[in-house]
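>>> Need the 3D shape of this:
(2 chains)
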2 protein chains.
Amino acid sequence: MNAELLTIGNEILIGQIINTNAVWMAQQLNMIGVSVIHMSSVADERTAILKAFEDASQRADIVLITGGLGPTKDDITKKTFCDYFETDLILDEKVLKDVTEFFAKRNKEVTDINKKQALVPKGCLVMRNKNGTAPGMWMEKNNTIFMSMPGVPYEMQMIMTSGFIPEIKKRFTLPFIYHKTILTQGIGESVLSELISDWEDSLTEKEIGLAYLPSPGMVRLRLSSKGLNEGELISKIEKEVENIKPLIEKYIYGYEEYGKDQPKIEEILGKLLLEKNLTLGLSESCTGGYISHLITSVAGSSAYYNGCIVPYHNEFKQALLKVDPTIFEKHGAVSEACVKAMAKETLTVFKSDVSIAVSGIAGPSGGTSDKPVGTTWIAVAYHDTIIAKCFVFGDNRGRNIHMTASTAMNMLRKLILKIEE
Amino acid sequence: MNAELLTIGNEILIGQIINTNAVWMAQQLNMIGVSVIHMSSVADERTAILKAFEDASQRADIVLITGGLGPTKDDITKKTFCDYFETDLILDEKVLKDVTEFFAKRNKEVTDINKKQALVPKGCLVMRNKNGTAPGMWMEKNNTIFMSMPGVPYEMQMIMTSGFIPEIKKRFTLPFIYHKTILTQGIGESVLSELISDWEDSLTEKEIGLAYLPSPGMVRLRLSSKGLNEGELISKIEKEVENIKPLIEKYIYGYEEYGKDQPKIEEILGKLLLEKNLTLGLSESCTGGYISHLITSVAGSSAYYNGCIVPYHNEFKQALLKVDPTIFEKHGAVSEACVKAMAKETLTVFKSDVSIAVSGIAGPSGGTSDKPVGTTWIAVAYHDTIIAKCFVFGDNRGRNIHMTASTAMNMLRKLILKIEE
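Numbers count the residues shown, from 1 in each chain, chains lettered A, B, ... in the order given. The predicted structure is shown next:
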């Protein structure tokens, strides 16, 4: 089964926004065994949209359309749908109810413009949008399915996940695709690829695909295979996961299960803290609250997370975390002594069982010859055990902050699990 | 003059990489007065490429092709070019010299695969690639220009900047395009559109386009126009920016010049703090350090930023920020009294001139009937002046955190600038 992704909107064509929807949608479709064979972006303009529909229907079984549905879009997209599918717009009472409730919840009046969101082409299958006001619309013509969704990523994702994908799975028998992703931290893509090259070479004849998915501080390794026998497929992939394990065990921090969201290091750490009944406190200098943000982005984190101090100058490291000022004089704030003192006091301040403390030079300036930009000290503490390590990441501020956060959380995970560095 | 962007490569279609090239190219073309009317991505496959060429030549004056030229790509793209342009591949001596020098510089041997990069369709105009081995190739058929480039961003950018754009400017007289974007915060798309509807209607006869670009907590308004006189164009758009200002002044937090990066609220606030010589302290409950992360993501923020406390439980609000425990009993932690107390003590703890304090129910659970999920109190303080406001955002945890952060930073910006809410 083939799909085409069609984006409607001038904002894409003038380069004002990056089409991240396409990536997400392509990944989701791949996971259910649907291949994306074409992607297009066209203007908010009738003839361009009609031509794109016509072309897409000749190539693909499913056309997934995003964009062109905002309340201020002058209805060009929906009117064009009606022309193409030879139908009219009608008011959908359920959508109108959803729109009204959406605004009521936010203590806002529904305007006439908002109410227009409840107009849909007659005969379409409406898919509800709990994250916004424009619904998803499933239409068919000449054996091609057209699925229209708003362009706002979390609205589109909501409709894909709760509406479109279940409907496709219900109506069609798709080949089974199995993916398993190994999450690694602390090893670069090229070193990793050398370490596993023999194993990687052996995958081709087994018809297993391997993809390297690098992000700051981490590399995900995705194994994929397609087939009609679900059990065989799973055991084939799981066997290869077992084969690679001994080669890279100390870098693996988790696995991503097929069809589930990629577990983030903050989720893995959070789960561990919950299991072990441990509470966490943080003190962050160079990461400026980013680790705290990641920890608290996980729903339910208040069960194990107590809080954070971001002491962005030495005087606050001294005042709030009792770092002895002689440490700054002798070793500087980016030092083993400083992060160990921070980690220790953080346990006391937040009455926690474990803590993380970081201090580094995020850049782009502030480096010296012996402490270049990217130099970062990380300490993790578990009651009386405190370990600290120094890293030199790079010269990109944002990347350094990301790498420090993921490295620090993984260090704490390893300390709790007593895994040797 | 119209252009189409065509990307060749399976890695885009399976969602493995984001097509950032398209954004960059669209911006560059816009700036020289070339409109992008269509974007497509197709597989590394002969018939798909030929069909895409045919379709594109019917729509566009220029077709810019990226990808499909890597040394391991099996030459499908170049062979398909030869089929389409009815020509053969020939060895280009200049390119061969470039390729040989490229490897010599890196102390590497040139392999036969690398030498193939010097094969180009006979009759094409070769544009040199100083950042890699695959050259740019300019070809023409039926009054359409086809420009092929490698997909590696910095190679493509090099060929665009030094080869393609100068050539297009030399051969054609192009109009100017001017965009200006107004950044707003604190008003939804539909309410905004009603507020400015008369002004918006007046734009059509002035041949100015208007686009609404919403993101969590913000709406960007983009004005665009095209013409032959650059000065007239700029003053026409700037005049309309002045016209709309009185209608929505209190929501505007900045402007975006086309071709420059979009200024973020944390950058705008940081610049303001620097100008006014003010220092900032934060205390964040529901946002869990996210505001601190945004503030410190700006290089040089240590000049105005002192630090943050994330007291994720009431006992730490009490211990670290001296919030009177009777406040929790009487009003709860998500209350005006609590955030005002936090904002006040934050000034003292961090010896700062201004502060932000937030406390809310980020969700997805923890809401009550009078304080549903999304309820958030924000206080901003500037010396003795403390103002607080309550918002009810929604039921998505991540979105609530984003909206709280942007709203809080804009509230502080307004307090400093004495803009009425």
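
>>> Would stretch A:188-195 count as contacting chain B?
No: judged by Cβ under 8 Å from any Cβ of the partner chain, stretch A:188-195 makes no contact with chain B; its nearest approach is 13.6 Å. Heads up, the C-betas are built off the backbone N, CA and C, glycines and all.

>>> List the buried residues in that stretch.
Using 16 or more other Cβ atoms under 10 Å in any protein chain shown as the test for burial, stretch A:188-195 gives residue A:192.

>>> And stretch A:176-187, by the same measure?
Within stretch A:176-187, the residues that count as buried by 16+ other Cβ under 10 Å are A:176-187.

>>> can you tell me the average pLDDT over it?
In this model, stretch A:176-187 has an average pLDDT of 87.

>>> just to revisit the earlier point, right, and the pair among the buried residues of stretch A:176-187 with maximum separation?
A:176 and A:186 (33.3 Å; Cβ to Cβ).

>>> where's residue A:34 relative to chain B, distance?
Per Cβ to the nearest Cβ, to the nearest Å, residue A:34 is found 11 Å from chain B.

>>> residues in contact with that residue?
Going by Cβ atoms under 8 Å, 6 or more residues apart in numbering or on different chains, residue A:34 touches A:1-3, A:62, A:168, A:174.

>>> Narrow those to those that are buried.
Buried subset of the contacts of residue A:34 (neighbour count, 16+ other Cβ under 10 Å): A:1, A:3, A:62, A:168.

>>> On the three-state scheme, the second one is what?
Right, residue A:3. Under DSSP: H, G, I helix; E, B strand; the rest coil, residue A:3 falls in the strand class.

>>> quick revisit: restrict the buried ones among the contacts of residue A:34 to contacts with chain B.
Within the buried ones among the contacts of residue A:34, nothing lies near chain B by Cβ under 8 Å from any Cβ.

>>> for the residues you listed, which one is nearest chain B?
Using Cβ to the nearest Cβ, residue A:3 comes nearest to chain B of these, at 9.7 Å.

>>> I'd guessed that closest one sits against residue A:65; true?
No: counting by Cβ atoms under 8 Å, residue A:3 does not reach residue A:65; the two are 11.1 Å apart.

>>> Ignoring the adjacent residues along the chain, who's closest to residue A:335?
The shortest distance from residue A:335 to any residue other than its chain neighbours is 6.1 Å, reached at residue A:377 (Cβ to Cβ, 6 or more residues apart in numbering or on different chains).

>>> where does the one you found land on pLDDT?
98.

>>> Pull out the buried residues from the helix or strand where it lies.
Here residue A:377 is covered by strand A:375-382, with elements defined by DSSP states H and E. The neighbour-count check on strand A:375-382 (16+ other Cβ under 10 Å) flags A:375-382 as buried.

>>> Take that strand, keep the C-alpha atoms, and write them as CSV.
The C-alpha atoms that make up strand A:375-382 are tabulated as CSV, following Å, rounded to 0.1, in the frame of the first residue of the first chain:
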residue,chain,number,x,y,z
THR,A,375,34.5,21.4,29.1
THR,A,376,31.9,20.1,31.5
TRP,A,377,32.1,18.5,35.0
ILE,A,378,29.2,16.2,36.0
ALA,A,379,28.7,14.8,39.5
VAL,A,380,26.1,12.2,40.5
ALA,A,381,25.4,11.3,44.1
TYR,A,382,23.5,8.4,45.7
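
>>> Can you flag the residue of chain A lying furthest from its geometric centre?
In chain A, residue A:326 marks the outermost C-alpha relative to the chain mean, sitting 42.4 Å out by Cα atoms, centre = their mean.

>>> Buried by neighbour count: which residues of the host helix or strand of that one qualify?
Taking DSSP H and E as the criterion, residue A:326 maps to helix A:325-330. With burial defined by 16+ other Cβ under 10 Å, the residues of helix A:325-330 counted as buried are A:327-328.

>>> which is the next helix or strand following that helix?
helix A:336-349.

>>> got the phi/psi numbers for the residue nearest to residue A:184 when sequence neighbours are not counted?
Closest residue to residue A:184 apart from its sequence neighbours, by Cβ to Cβ, 6+ apart: residue A:251 at 4.2 Å. Phi and psi for residue A:251, reported as degrees, to the nearest 10, are phi -90, psi -20.

>>> can you give me the helices in the stretch 251-400 of chain A?
Under the criterion DSSP state H, counting those that start in this stretch, the stretch 251-400 of chain A contains helices at A:265-276, A:290-296, A:314-321, A:325-330, A:336-349, A:397-417.

>>> got a list of contacts for the fifth one?
What that stands for is helix A:336-349. With Cβ under 8 Å, 6+ apart, helix A:336-349 has contacts from A:281-283, A:285, A:309, A:311, A:317, A:320-324, A:327-328, A:330-332, A:352-359, A:377-381, A:383, A:386, A:388, A:390, B:319-320.

>>> which among these end up buried?
For the contacts of helix A:336-349, buried by 16+ other Cβ under 10 Å: A:281-283, A:285, A:309, A:311, A:317, A:320-321, A:323, A:327-328, A:332, A:352-359, A:377-381, A:386, A:388, B:320.

>>> What is the burial count for the residue lying closest to residue A:49 once chain neighbours are set aside?
Of all residues not flanking residue A:49 in the chain, residue A:80 sits nearest, at 4.6 Å (Cβ to Cβ, 6+ apart). The number of residues packed near residue A:80 is 22, by other Cβ atoms under 10 Å in any protein chain shown.

>>> I'd say residue A:80 and residue A:48 touch.
No: with contacts counted by Cβ under 8 Å, residue A:80 stays clear of residue A:48, the gap being 9.3 Å.

>>> what ranges do the strands span in the stretch 151-300 of chain A?
With DSSP state E, counting those that start in this stretch, the ranges of strands along the stretch 151-300 of chain A come out as A:176-185, A:209-215, A:218-227, A:252-256, A:280-284.

>>> Now the third one: average pLDDT?
By that I understand strand A:218-227. Rounded mean pLDDT across strand A:218-227 is 87.

>>> related to what we said a few turns ago, most neighbours per residue, which of the helices of the stretch 251-400 of chain A?
helix A:290-296 (a mean of 28; mean count of other Cβ atoms under 10 Å in any protein chain shown).

>>> any bit of it sitting next to chain B?
Yes: on the criterion Cβ under 8 Å from any Cβ, helix A:290-296 is in touch with chain B at A:290-293, A:295-296.

>>> Domain boundaries for chain A, per the record?
A:2-171, A:176-256, A:265-417 (automatic domain parsing).

>>> Nearest to residue B:152, out of these?
Nearest to residue B:152, of these and by Cβ to Cβ, is domain A:176-256 at 15.6 Å.

>>> still on that earlier bit, I figured the residue nearest to residue A:184 was touching residue A:185, is that so?
Yes: counting by Cβ under 8 Å, residue A:251 does reach residue A:185; the two are 6.3 Å apart.

>>> Quick check: neighbours shared by these two?
By Cβ under 8 Å, 6+ apart, no residue touches both residue A:251 and residue A:185.

>>> from the contacts of residue A:34, which is closest to residue A:300?
residue A:168 (31.6 Å).

>>> Please tell me how far the closest residue to that closest one other than its chain neighbours sits from residue A:1.
Closest residue to residue A:168 apart from its sequence neighbours, by Cβ to Cβ, 6+ apart: residue A:32 at 6.7 Å. Plainly put, residue A:32 is 9 Å away from residue A:1 if you go by Cβ to Cβ, to the nearest Å.
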